[in-house]
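Trainee: Quick one: sequence plus predicted model below, questions after.
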Amino acid sequence: MNTAQFKLPDVGEGLTEADILTWKVAAGDAVKVNQVIVEIETAKPVVELPCPTAGSVAALLAPEGATVEVGTPIIDIVAEDAGVDLAALTGTGAAGEVTRRDLAQHLVGTGGLPEVAPTTSPGAPEGDETWTIPLKGVRRATAQAMVASAFTAPHVTEFLDVDVTRTMELVARSRGAEGYARVNPLAVLSRAMCWALHRTPELNASLQGEQISVSRRVHLGIATATDRGLMVPVVPDTHALSVGELALRIRVGDSGP
């Protein structure tokens, strides 16, 4: 039986592992030589890997999102001359013909190839407030470079002048509306920032071990000089508050520790 296991190749520059980003084929699909079958992500680029042989896909051995080492089998391919008597198979094609998927399933059923669970794509289910992203590939390389830069690159502070005329006009108009009497520039800028973080939660993330924790919930902390010294009271779920509500919470100190 002529089957081939395609192993993750060394894509250059001494990289030892890569992440399976996106499969372009599924079990039972026909493939041609040099057809792109998978995208992988390394510490540098995203690379498309071509198929080394013609035939049909029997199994995907690594799910999307998995990190695999160079030399690890990632896909089983049944070559065109697999040596199976097609007349003995029950075809599921439109006219009863034997399809490549039928061939792949036959090989799995007879023990010719291992059965592999279908792949699933990583990501946050829609509607979730908090989720995690593995720290790998380009993200890991970026994180390492940023940590190194903290000790090797000079840090500077930049000051900018901004025209806030329209912001002050908004504050003046808001103070005449019910529920907005305490609106000030701090409340307006804070609400804009919280809205932006809620809309782009990838910016509202923190590193937890080997995972990046991302959240759509935004909690606002404001440094405040008190009789006990500098405190940072936190207003929870500020993304769900209006400008007026946020201004009131800031003024009366209605926040958590």
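Mentor: Ah, there it is.

Trainee: and the closest residue to Met193 other than its chain neighbours, what does it touch?
Mentor: Of all residues not flanking Met193 in the chain, Leu220 sits nearest, at 7.9 Å (Cβ to Cβ, 6 or more residues apart in numbering). To be clear about C-beta, it is placed using only N, CA and C from the backbone, and glycine gets the same treatment. Applying Cβ atoms under 8 Å, 6 or more residues apart in numbering, we find Leu220 in contact with 190, 193-194, 234-235, 238, 246.

Trainee: So Gly179 versus Leu241, what's the distance?
Mentor: To Leu241, Gly179 is 11 Å away according to Cβ to Cβ, to the nearest Å.

Trainee: so what's the residue nearest to Met193 bridging to?
Mentor: Beta-bridge partners of Leu220, counted by DSSP bridges, are Val235.

Trainee: before we move on, back to that, quickly check the contacts of Leu220 for the two that are furthest apart.
Mentor: Met193 and Val234 (14.3 Å; Cβ to Cβ).

Trainee: Show me the strands in the stretch 1-150 of the chain, by range?
Mentor: 3-7, 17-23, 30-31, 36-41, 46-50, 55-60, 67-69, 73-79, 130-134 (DSSP state E, counting those that start in this stretch).

Trainee: What pairs with the last one, parallel or antiparallel?
Mentor: For strand 130-134, sheet partners with direction are given as strand 211-215 (antiparallel), following DSSP bridges.

Trainee: And for the first one?
Mentor: Strand pairing for strand 3-7, using DSSP bridges, gives strand 73-79 (antiparallel).

Trainee: Can you check what angle separates the partner strand from strand 55-60?
Mentor: Using axes from the mean of the first three to the mean of the last three Cα atoms, to 10 degrees, one finds that strand 73-79 and strand 55-60 are set 150 degrees apart in direction.

Trainee: and strand 73-79 with strand 46-50, angle?
Mentor: 30 degrees.

Trainee: Shouldn't Phe151 be within a helix?
Mentor: Yes: counting by DSSP: H, G, I helix; E, B strand; the rest coil, Phe151 falls inside a helix.

Trainee: Look up how far Leu60 lies from Val232.
Mentor: 49 Å.

Trainee: quick one: which of those two has more around it?
Mentor: Counted by other Cβ atoms under 10 Å, Val232 and Leu60 do not tie: Leu60 has more neighbours, with 21 against 10.

Trainee: Would you mind checking which helix or strand in the protein has the lowest mean pLDDT?
Mentor: helix 100-109 (a mean of 65; mean pLDDT, DSSP states H and E).

Trainee: what about the stretch 151-257 of the chain, any weak spots by pLDDT?
Mentor: 252-257 (pLDDT under 70).

Trainee: what are the ranges of the strands in it?
Mentor: Under DSSP E, counting those that start in this stretch, the stretch 151-257 of the chain gives strands at 205-208, 211-215, 220-221, 224-226, 229-231, 234-235.

Trainee: Turn these into JSON lines, columns for distance to Ala148.
Mentor: Below are the strands of the stretch 151-257 of the chain laid out as JSON lines (distance: least, Cβ to Cβ, whole Å):
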{"stretch": "strand 205-208", "distance to Ala148": "15"}
{"stretch": "strand 211-215", "distance to Ala148": "18"}
{"stretch": "strand 220-221", "distance to Ala148": "28"}
{"stretch": "strand 224-226", "distance to Ala148": "34"}
{"stretch": "strand 229-231", "distance to Ala148": "31"}
{"stretch": "strand 234-235", "distance to Ala148": "31"}
